[in-house]
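Peer 1: missing the sequence, but the structure's below:
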Ligand SMILES: NC(=O)c1ccc[n+]([C@@H]2O[C@H](COP(=O)([O-])OP(=O)(O)OC[C@H]3O[C@@H](n4cnc5c(N)ncnc54)[C@H](O)[C@@H]3O)[C@@H](O)[C@H]2O)c1
Ligand SMILES: NC(=O)c1ccc[n+]([C@@H]2O[C@H](COP(=O)([O-])OP(=O)(O)OC[C@H]3O[C@@H](n4cnc5c(N)ncnc54)[C@H](O)[C@@H]3O)[C@@H](O)[C@H]2O)c1
Ligand SMILES: NC(=O)c1ccc[n+]([C@@H]2O[C@H](COP(=O)([O-])OP(=O)(O)OC[C@H]3O[C@@H](n4cnc5c(N)ncnc54)[C@H](O)[C@@H]3O)[C@@H](O)[C@H]2O)c1
Ligand SMILES: NC(=O)c1ccc[n+]([C@@H]2O[C@H](COP(=O)([O-])OP(=O)(O)OC[C@H]3O[C@@H](n4cnc5c(N)ncnc54)[C@H](O)[C@@H]3O)[C@@H](O)[C@H]2O)c1
Ligand SMILES: [Zn+2]
Ligand SMILES: [Zn+2]
Ligand SMILES: [Zn+2]
Ligand SMILES: [Zn+2]
């Protein structure tokens, strides 16, 4: 539709002094090896609220204005020189981490650890929260006609969970704890269930998120009382999971020190904490108890090789209905409202998306 | 019910000259550490037809009359000295391989490889195809009240499949071929699906078995034409599985040389053949092609530590409805007819069970 | 030699109020399934100094007087009822952790995690620091005639290191950091080198221990300056290991928070911290940086199935000369002096042994 | 040395009708991304004798004249456009498999399985058996000044063994059988020993090769009598390895069906055959016995990511003296004689190299 191409290329910027604003950008050129995408759906990630509100995540700081956005799907409107296998009109999900393809880690296939990666919407790289964006064809993945763009934009958070589940390599029937029922925790639950984990207990501080978990079929939920100490929380988790089903794997999706500690104590001897959540730089863990019980910590960072398989699994309905994750949708012109909704816990948002038909 | 205890202890014997007969046994004594079980449901395994018809499986020969049976569930009617944790009336599934608990393999936790194992119904050990049988408490597993004895007797074939899937440790979304849709192949399909394998293609020579597969939700079936060579069969498998979904894991559940060979060629480079089926002692495999493509063969023998988790998974409905595997049921008095039905391919039996309420 | 049997059964006791004393015990009876050992060599472990000086290790407290000792070898002087495969006069090394052989963990082969283990010299179980002690035959391991009792008593600390190296499963040529050059760190270095780790950098605070490491063939040593922060220490480690050889595996054998943290930062992205050392109950680790770099923590506790293989490896000379670990030897009558030597850092002891010819 | 550059660019060709000949080639141009190498040492591989004598290996046929050679080291004489990190005069070992860096397998880091690989000296790609050859910089690896070119050319066969040992991931003290003491079997022995395998038994048909094994420190050798059946050979292997040391890993380096079968029977239950040797396309294996014993077959093809680490290990002396593998050396002008020596078993050659100072 040529009418679309004349729409203003609205982009969402964040500043180092904790502001966000929307501004029209020039229509981009399409470099060799890249495609130009009309972005049709973009999710807001918790990390973006973080960049906005605190200006940094870990050592990664907003030092100048950048465009946010890394959970997007859209339609190809232009094909760069040398690109093979894509056509104008193709519907694609964007893999935001553009790795270098030259370094040791890329060579080994662990390209999520590429030190030279350019990651959309993470300083210093601009992101996908604009109407039109160019992206390397190597990191675009076609989605089937039966998949909406909204779901295409969920491939990113599902990929985070997918990577964690493949790092854990659970066994069929492994009892699993999932700490935190935000978008990542819920995506984690979907992936863990599909990978054969059972039973699955999900915790959170907030009722609405646990209600969402239950509506997705996860009946064993536990509302955490921050007054409990780590031992009591561990006991409660084991109680919910039942006799003979102490978790031997825990996907930690909050990043909170108290949640990490109680997950470690909830684990059966010989179990594994799979750390997904990000929190304070330094976290105190009961390393001596872990040693006595041969409990390990495994970490998971972003994703590698996940898009094709996650698209395939979502399309086949393996995860069930993933759209339950999306609670709010705003047109691109209301991106600021979308961010405010996301940042305001009283709005009970889980995943907020920005769309442009 | 004391009336049950006076019923004749009918047992099913096989002879070295290819006969089966039923004979009343004395009511057994219950040795220390064991429980006496009233066997309420027992499945017939293909290996039993084999012992009957050919007198051997591999190097394991019927050298004198033995009682068959190793897929059973029942109710405890007597508790041996020193047994803890069981009571008369408990409903149990029988794990038939009684390992020694002393040897290197037992020590390592690989008790399925125990060289001193006593396996019910496999020469020289008598089996469970009798109304009353004593069995070590360590190898009895309680089943929930909501689980029928018929399902309790399916825990054994499901455990065969469970062991194979844990040996394979598939990743979520791994494309998988299952060759053979007998009881083991179908159980394999259930376990593989629950462990996140996708897509799953099932092959067989017979329509009714593939129809059963489809009725259990496995739509990608392939009827094998024995006129195809291994390359053509491999091509057909890849065609059914679809573009980008060549299997990287194949559970071979026929034992047939042609099926093994075509599975190997169907596999993606770097893939794994998980050999479950038993066939001729020596099988020719394309080892050089396997080497060039880093294709491995992994084997799986019986089971270890599977009963508690498989009971739990079946009970939670994770596999779906497993009773679809059972096509025929006979009272214990008609055990001979049950065997004849099982041996007669025209009867289209999948799993035949003998029951005694 | 019957003269030995009349010697006093001297035992070394520790009290809850930080005293050690030696006292004559009655000559023990030999229970069924056990053998009576004349203990000929026993190493003092750092944990014993800890029980003496602070009355506890983690949650394990000295609540009443117990006999210490768990690193011993000796000669069988009596055989209990039912014991097979051992004779009076056999030379054996003692595996001190007597697991239950009944629980889930024992069943899985992870008997080092047995919750019912009786561990010699750890409350509430008495240990091997006496002239004569009874021990279950299952946990005795013959040593060859060519192996001294002193070396037989080193099998225990070598087993700690052996377990850690098998938990790590290093690849041939993996660059490895070993933090801490105490008996465990040095044993770790021997095991890591034999398992193909290369290069190996060893750190410590004390010159004599690093000198010992060098005399065992480990030239890449680093004396830690506690004034360095974790980043500087990490940089120093990388410098010593050389370009292209940043460690992707670190065996942490100090338990010190600063050492753990600098090891984590020294690791290459995607690397693993293998935590062997015990320290404070709670340790702050840079979990967020670990997450961004997919750095894992794996723990190792004691040992399982190690004695036969470690005896075999030591006997074949695979580790080189292990006696370099032993710096001081005292007769059993001077056990108190042995403990004092061990506790006094100015004595520059590494492994102190108590012997009785 | 400019004098070298005017020497004739002698190349060794093989024809589809089983001839080899040497012919002068034009001095090559150096394409972008490549370096021009003066090849100073090249080993002859058994596969090259095979291409010469039988015109094929598996499905890979000599359909037109090609230049052989893939085990080479040399000195850079020219740098192509865009090449970084190399200078004229650099001493390098050549990694002969130039993978595409675009396909799924390359992406995953398993670039040894790249379907588009160009492998030097394997049809249809010309090889390194010429004085001057251009090769992509990405597949050149600097060797230290202390390493001779002869050793630099051994990195290739050592990499074959290195890949196999990393595929096997042996544990420290794992008893290992190595079947075949040709260059690959001997390289395998060096890698297995350095990776902690112990004891190691090496078999061969020929005394001189076993003598070479012994001179490299492998005392447990077994001369195979082809009159033995597979069970007898298995028994002999177990006898040589000793009580309690049945192999649980076998590196098969002959490709002979009888050797593969006896290796499988020699393996302990639960063991792994690591197939390195290539032989007939189809090999009969005792799959049913393997199944009953959970014995697996793992294959290894060429190498990935091995050069830097193997160069490092050789340079540090970890393997011991690797030059023992080289029994004959010929100047480039006598390449035909080198081939004839290699093909004539009575010459007792192990590795034959062609050199050009
Ligand atoms: N590893 C990766 O590659 C990766 C990628 C994306 C996001 N993340 C991280 O994953 C985490 C989850 O992301 P999200 O988008 O779902 O965030 P979110 O903030 O929406 O969800 C976190 C949830 O945890 C709950 N919670 C907080 N403290 C808790 C406690 N003590 N016990 C139980 N629940 C508690 C909160 O109520 C909230 O619902 C974040 O830390 C994010 O940074 C990691
Ligand atoms: N590994 C173990 O521990 C274990 C345990 C139990 C059974 N098994 C073995 O598993 C196998 C399957 O057992 P089952 O009870 O399902 O047997 P079954 O005979 O009922 O089923 C085998 C199926 O394979 C099909 N088949 C035969 N040749 C075929 C071919 N070339 N291509 C496709 N399909 C083909 C048959 O039509 C049949 O439906 C048997 O060989 C059995 O011995 C192994
Ligand atoms: N995991 C297990 O099963 C197991 C078994 C036995 C011992 N351990 C533990 O292993 C650790 C080592 O035991 P050990 O007997 O060798 O103890 P040790 O005290 O003799 O040795 C520790 C060494 O670490 C050095 N060190 C301390 N702080 C350091 C720092 N910041 N950087 C570098 N070096 C530092 C010390 O100088 C000392 O030489 C202890 O914590 C012990 O409790 C664990
Ligand atoms: N997997 C790979 O990537 C790869 C790479 C290179 C070579 N290879 C293969 O490795 C094998 C070995 O290569 P090589 O260069 O050492 O070959 P080679 O022919 O020099 O050595 C093979 C040795 O095996 C011995 N042998 C033959 N039959 C035997 C038997 N039944 N029992 C014991 N020993 C027997 C021979 O006497 C000979 O010494 C070849 O098959 C080769 O094709 C594989
Ligand atoms: Zn990179
Ligand atoms: Zn056993
Ligand atoms: Zn136990
Ligand atoms: Zn490729």
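Peer 2: Great, that's in hand. As the structure is a prediction and not an experimental result, all values here were calculated from the model. Ligands and ions are numbered 1, 2, ... in the order given.

Peer 1: chain neighbours aside, what residue packs nearest to the closest residue to ligand 5 within the stretch 51-200 of chain A?
Peer 2: The minimum distance from the stretch 51-200 of chain A to ligand 5, using Cβ to the ion, falls at residue A:114 (3.0 Å). Yep, even glycine has a C-beta here, placed from its N, CA and C like the rest. Closest residue to residue A:114 in three dimensions, ignoring its sequence neighbours and counting by Cβ to Cβ, 6 or more residues apart in numbering or on different chains: residue A:99, at 3.7 Å.

Peer 1: ok, the residue of the stretch 51-200 of chain A found nearest ligand 1 - contacts?
Peer 2: The stretch 51-200 of chain A approaches ligand 1 most closely through residue A:182 (2.1 Å), counting by Cβ to the nearest ligand atom. For residue A:182, the contacting residues are A:46, A:204, A:209, A:253-254, A:350, by Cβ atoms under 8 Å, 6 or more residues apart in numbering or on different chains.

Peer 1: could you chop chain A up by domain?
Peer 2: The record's domain parsing of chain A by automatic domain parsing lists A:2-142+A:321-355, A:160-299.

Peer 1: for these, which one sits closest to residue C:223?
Peer 2: domain A:160-299 (24.5 Å; Cβ to Cβ).

Peer 1: distance from that closest one to the middle of the chain?
Peer 2: Relative to the mean C-alpha coordinate of its chain, domain A:160-299 is positioned 17 Å out (Cα atoms, centre = their mean, to the nearest Å).

Peer 1: cool, and stretch A:81-101?
Peer 2: Distance, centroid of stretch A:81-101 to centroid of chain: 20 Å (Cα atoms, centre = their mean).

Peer 1: gap between the residue of the stretch 51-200 of chain A closest to ligand 1 and residue A:70?
Peer 2: Per Cβ to Cβ, to the nearest Å, residue A:182 is found 16 Å from residue A:70.

Peer 1: my guess is residue A:18 contacts residue A:51, does it?
Peer 2: No. Judged on Cβ atoms under 8 Å, residue A:18 makes no contact with residue A:51 at a distance of 9.1 Å.

Peer 1: for those two, indicate the residue with more neighbours.
Peer 2: Between residue A:18 and residue A:51, counted using other Cβ atoms under 10 Å in any protein chain shown, residue A:51 has the larger neighbour count: 24 against 12.

Peer 1: would you say that one is within a helix?
Peer 2: Yes. According to DSSP: H, G, I helix; E, B strand; the rest coil, residue A:51 belongs to a helix.

Peer 1: so what's whatever residue of the stretch 251-357 of chain A ends up closest to ligand 3 up against?
Peer 2: As assessed by Cβ to the nearest ligand atom, ligand 3 sits closest to residue A:291 within the stretch 251-357 of chain A, at 5.6 Å. Applying Cβ under 8 Å, 6+ apart to residue A:291 gives the contacts C:275-276, C:278, C:299-301.

Peer 1: what's the answer for residue A:311, then?
Peer 2: A:93, A:141-144, A:147, A:152, A:155.

Peer 1: now with 7 Å?
Peer 2: Residue A:311 makes contact with A:93, A:141, A:143, A:155, according to Cβ atoms under 7 Å, 6 or more residues apart in numbering or on different chains.

Peer 1: where does the stretch 151-300 of chain A dip in pLDDT?
Peer 2: By pLDDT under 70, the stretch 151-300 of chain A has no low-scoring segment.

Peer 1: which residues in it form helices?
Peer 2: Using DSSP state H, counting those that start in this stretch, the helices of the stretch 151-300 of chain A run over A:183-194, A:207-215, A:230-241, A:257-266, A:287-292.

Peer 1: just these: most buried one?
Peer 2: Of all those, helix A:183-194 has the most neighbours on average by mean count of other Cβ atoms under 10 Å in any protein chain shown, namely a mean of 27.

Peer 1: so what touches that helix?
Peer 2: A:157-158, A:160-162, A:164-165, A:170, A:176, A:178, A:200, A:202, A:212-213, A:216, A:218, A:251, A:253, A:276, A:313, A:318-320, A:322, A:325, A:350-351, B:172, B:196.

Peer 1: how about stretch A:156-170?
Peer 2: For stretch A:156-170, the external contacting residues (Cβ under 7 Å, 6+ apart) are A:43, A:70-71, A:96, A:176, A:183-184, A:187-188, A:190-192, A:195-197, A:249, A:251, A:272, A:274, A:276, A:298, A:300, A:302-304, A:306-307, A:310, A:314, A:322, B:169, B:171-172.

Peer 1: now check that stretch, is it near ligand 1?
Peer 2: Yes. Applying Cβ under 6 Å from any ligand atom, one finds stretch A:156-170 touching ligand 1 at residue A:160.

Peer 1: can you check stretch A:247-257 too?
Peer 2: Yes. Under the criterion of Cβ under 6 Å from any ligand atom, ligand 1 is reached by stretch A:247-257 at A:253-256.

Peer 1: could you dump the contacts of residue A:182 to JSON lines with distance to ligand 4?
Peer 2: Listed next are the contacts of residue A:182 as JSON lines, based on distance: Cβ to the nearest ligand atom, whole Å:
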{"residue": "A:46", "distance to ligand 4": "47"}
{"residue": "A:204", "distance to ligand 4": "52"}
{"residue": "A:209", "distance to ligand 4": "52"}
{"residue": "A:253", "distance to ligand 4": "43"}
{"residue": "A:254", "distance to ligand 4": "47"}
{"residue": "A:350", "distance to ligand 4": "51"}
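
Peer 1: out of these, who's nearest chain B?
Peer 2: Checking the contacts of residue A:182 against chain B by Cβ to the nearest Cβ gives residue A:253 as the nearest, at 17.0 Å.

Peer 1: excluding chain neighbours, give the residue nearest to the residue of the stretch 251-357 of chain A closest to ligand 3 in space.
Peer 2: residue C:299 (4.5 Å).

Peer 1: what of residue A:124?
Peer 2: Using Cβ to Cβ, 6+ apart, the closest residue to residue A:124 is residue A:66 (6.8 Å).

Peer 1: that neighbour: what's it in contact with?
Peer 2: By Cβ under 7 Å, 6+ apart, the neighbours of residue A:66 are A:13-14, A:123-124, A:126.

Peer 1: could I have the buried ones of the contacts of stretch A:156-170 as PyMOL selection syntax?
Peer 2: Here the buried members of these are turned into a PyMOL selection, burial being counted by 16 or more other Cβ atoms under 10 Å in any protein chain shown:
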select buried, (chain A and resi 43+70+71+96+176+183+184+187+188+190+191+192+195+196+197+249+251+272+274+276+298+300+302+303+304+306+307+310+314+322) or (chain B and resi 171+172)
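
Peer 1: re earlier: ligand 7 is nearest to which of the helices of the stretch 151-300 of chain A?
Peer 2: Here helix A:287-292 is closest among the helices of the stretch 151-300 of chain A (Cβ to the ion), at 14.7 Å.

Peer 1: need the contacts of residue A:311 in a markdown table with distance to residue C:242 and neighbour count, can you?
Peer 2: Compiled in a markdown table, the contacts of residue A:311 are given as follows (distance: Cβ to Cβ, whole Å; neighbours: other Cβ atoms under 10 Å in any protein chain shown):
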| residue | distance to residue C:242 | neighbour count |
| --- | --- | --- |
| A:93 | 42 | 28 |
| A:141 | 40 | 18 |
| A:143 | 47 | 23 |
| A:155 | 41 | 28 |
